[in-house]
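Q: Sharing a model prediction with you, sequence too.
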Amino acid sequence: MVIKRKKKGIGFALSMILILSVFLAACNSDSDSGSSDGDNETIKVGIIGAFQLAAGKEIKDAAELAVKEINENGGVLGKKLEAVYADTKANPEEGRAVVERLLYQDEVDFIVGEHRSEVALAVQPVIMESKKIFVNTGSASPLVTEAVKEDYEFNKYTFRPMMDSTQLGEGFLNQFAQMVETEGYKKVALIAETAVWVDPIVETFEKQFGDKVVLVERPATDTEDFSIELSKLKDSGAEVAMTLFSANQGIVFAKQWAERQIPVEITGYNVQAQSPEFWNQTEGKANGLLTWKHGVRSEITEKSIPFWDNFTEDYGRTPGPYTGITAYDGVLVMADAINKAGTVDSVELVKTLESETFVGASGNIKFREDHGYTIGEDFVPFTYIQWQDGEMGVVGPESVATDEIIKPEWIK
Amino acid sequence: MVADIIVFGAIWTAIYSMIALGFSLIFGVAKIMNLSHGAFFMFACYAAYYLSSSGLGLFWVALGAIVITIILAIVSYLGIIKPMRNSLTQVLILTFAFAMFLEQIIVITFGPEPRYVPSMLEGGMSILGVRVTHQQVLAFVITIVLILFLWWLLSRTNMGRIIRAVSQDREMASMLGINAEKIFIFVMGLSGAFAAVAGLLVAPFLTVTPAMGWSPILAAFTIVVLGGLGNVWGTLIGAFIVAYAEMITSYAFNPQLKEAVTFTIMILALMYRPNGLFSKGVSDA
């Protein structure tokens, strides 16, 4: 009797699960069919990234802002722009699966986003196969645009309105050289994480600064304590150091540098220092730390300051990692290109994207032959910020700087 | 440079001791190789982060994080470890799985991004010409106090005698009317408390991430292999050897060789002194 009752109970539970599954599936297909019904009324953009990560969340938030602003200004070709978000979970397999869903189920017109190189490289052929435009707005791997050069016909639908790792390396080294020259520094150091993308920069750094180099340290990306590196830095007598940190180590490095009052100026790239939370994360100790930050509150174009202010107003925080402004620009550039071409046809759009110059929040965007973009004063400047009393002061280049470089209080 | 090695070696000896003591204690008493000990350390950091961001005062943050971690340790003992306690392998696998589970819970709740825990003490001072933060000095001092407390507890109190009795011969202790199970729960809670205090003290100068528990558990493992599982002073000496070996290697060669040195020590210890440098049961000396 008891067993029978249990069986009935299990049967009831299974039935409920089945009904619930069918209901949920129906809800899901409702949203999908809703999307395809809107084909004539909307233009659809697929937004991809690992949304649970800060860089991915920034893509989602900035793309959402771009879509909202475009629709408030009349949409694209008189139609509403609709965003469909797909979380690639920083996983190439997952990336391929969600991109296929975007292309063939949601039937998006183009795709913007993805900050992980391995995912971008995995989804690129899937999107190219469908002959839809892929605006990659986060991965810095040169392979993404090299593919365009190598097989133009197949990969011509790929565009990347952001710097690749070669451009980043050149930018870091140029800013450092300028600082060394301006201040007349005689001893320099490099603290660069152990990562493949850093290797060519380290090699060039050692060649370029030659005898001035007194220390090169290569800590692991998961370093949790910089006591040793900072003692070595202090003992080396270096006056300025370039850091290259793309993981979480930047917070603890900055805190320990300030707490121990290491008399060496810090510049370079610290991904955590690009985030508005950095000031609190370092308990306000990182005053005077410099880092490259793509997208700053400065009048680079007429869209730069409104992007910064509107983002801050909508999300209650200032823009963080570079992936946000590049995704924002990616959506804007595509909307502009569709309006100029008068169609969402990919072949026509490729022609427009290749020939026109677009105004983004990060600068004037002009695509190169390989569909990467041009950097420099007239295009997209390589901008630096310095943490100054809780604010990201824009200190370089001179053409966009709003603040002067200061020295940390313990450095005379 | 020598001063740097002396000062930072001492600070890391203290930190490693604190983490390894809890790990060593529960093995010494209950023969439980608790691989989730590092996850308790991580959990305490997140508890401190959560409580401090809720606006609580420093005292309540510390107390709250310690109590939460003690509860977690006891619940994990009663729910997961106790039913399988007779098999060392099963306990190893279960506690490893539990550590992974806790890590995922933290990822889901707080995300994978680093969090920060505010310092208990601001500012810094110079020791032997090396600038250290007051927080690091506090970590060192509290560790010394807690080691002395543990020594006093184990060697000078009735509870300590009971713990040592259970550690040496559980059957005999039970025949004498000691409820060994209650002792295991007490020691598990104590072990959790040590992990929590270590987390609270070091979180302000480390990066708080969901995976932060793995590195300390590896260091703790080496330290207790060196010092002998369950041996308080052995643990301290093990921590001293590991911390200074890491410091000297990092300064003289490359910081990236730090972990390689730790594992070399562990391999050598397992080959030549498999029962530790000072092997005994739980001991006060």
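A: Noted; the coordinates are in hand.
Q: So for the helix or strand harbouring B:Ile217, mean pLDDT?
A: Per DSSP states H and E, B:Ile217 falls inside helix B:214-227. For helix B:214-227, mean pLDDT is 86.
Q: near chain A, which residues of chain B?
A: Neighbours of chain A within chain B, by CB under 8 Å from any CB of the partner chain: B:1, B:4, B:8, B:11-12, B:111-116, B:118-119, B:124, B:130-133, B:205-207, B:209, B:211-212, B:215, B:247, B:250-251, B:254-256. From N, CA and C alone the C-beta is placed, and that goes for glycine too.
Q: tell me the mean pLDDT for the helix or strand following the helix holding B:Ile217?
A: Per DSSP H and E, the first helix or strand lying C-terminal to helix B:214-227 is helix B:232-252. Across helix B:232-252, pLDDT averages out at 90.
Q: And stretch A:219-227, by the same measure?
A: 85.
Q: Name the residues of it that are buried.
A: A:Pro219, A:Asp222, A:Thr223, A:Glu224, A:Asp225, A:Phe226, A:Ser227 (16 or more other CB atoms under 10 Å in any protein chain shown).
Q: Need the max-distance pair from these.
A: A:Asp222 and A:Ser227 (15.5 Å; CB to CB).
Q: List, out of the buried residues of stretch A:219-227, those positioned next to chain B.
A: A:Pro219, A:Asp222, A:Thr223, A:Glu224, A:Asp225, A:Ser227.
Q: Shouldn't A:Val112 be within a helix?
A: No: counting by DSSP: H, G, I helix; E, B strand; the rest coil, A:Val112 is not found in a helix; it is strand.
Q: Chain B contacts on chain A?
A: Neighbours of chain B within chain A, by CB under 8 Å from any CB: A:52-54, A:194, A:217-220, A:222-225, A:227-229, A:231-232, A:235, A:248-249, A:251-252, A:255-256, A:259-261, A:272, A:280-283.
Q: Just the buried subset of those residues, written out for ChimeraX, thanks.
A: Buried subset of those, written as a ChimeraX selection, criterion 16+ other CB under 10 Å:
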select /A:53,54,217,218,219,222,223,224,225,227,228,229,231,232,248,249,251,252,255,256,259,260,272,281,282,283
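Q: Now, the residues of chain A next to chain B that are in helices?
A: If you go by DSSP state H, these have A:54, A:227-229, A:231-232, A:235, A:249, A:251-252, A:255-256, A:259, A:280-281 in helices.
Q: one step back: neighbouring contacts of the helix holding B:Ile217?
A: Here helix B:214-227 makes contact (CB atoms under 8 Å, 6 or more residues apart in numbering or on different chains) with A:222, A:224, B:16-17, B:19-20, B:23-24, B:27, B:35, B:37-38, B:41, B:99, B:198, B:233-239, B:241-242, B:259, B:262-263, B:265-266, B:269-270, B:273, B:276-278.
Q: what's the nearest residue to B:Gly129 if we skip its chain neighbours?
A: B:Ala3 (5.3 Å; CB to CB, 6 or more residues apart in numbering or on different chains).
Q: Out of the buried residues of stretch A:219-227, name the ones that lie in strands.
A: Using DSSP state E, no member of these sits in strands.
Q: mind showing which ranges of the stretch 101-250 of chain B have poor pLDDT?
A: Applying pLDDT under 70 to the stretch 101-250 of chain B flags the ranges B:230.
Q: ok so, going back, mind putting the ones next to chain B among the buried residues of stretch A:219-227 into JSON lines with distance to A:Leu289?
A: Formatted as JSON lines, those follow (distance: CB to CB, whole Å):
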{"residue": "A:Pro219", "distance to A:Leu289": "17"}
{"residue": "A:Asp222", "distance to A:Leu289": "21"}
{"residue": "A:Thr223", "distance to A:Leu289": "17"}
{"residue": "A:Glu224", "distance to A:Leu289": "19"}
{"residue": "A:Asp225", "distance to A:Leu289": "18"}
{"residue": "A:Ser227", "distance to A:Leu289": "18"}
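Q: which one of those residues sits closest to A:Lys366?
A: Proximity of these to A:Lys366 (CB to CB) peaks at A:Pro219, which lies at 37.5 Å.
Q: Tell me if I'm right that that closest one and A:Leu190 touch.
A: No: A:Pro219 lies out of contact with A:Leu190 (CB atoms under 8 Å); the separation is 11.3 Å.
Q: Residue in the stretch 51-200 of chain A with the shortest distance to chain B?
A: Distances between the stretch 51-200 of chain A and chain B by CB to the nearest CB are smallest at A:Ala54, namely 5.2 Å.
Q: who's in contact with that residue?
A: A:Ser275, A:Gly320, A:Pro321, B:Glu113.
Q: Among the residues you listed, which one sits closest to A:Gln105?
A: Closest approach to A:Gln105 among the contacts of A:Ala54 (CB to CB): A:Pro321, at 29.4 Å.
Q: Having no further points to raise, I will conclude here.
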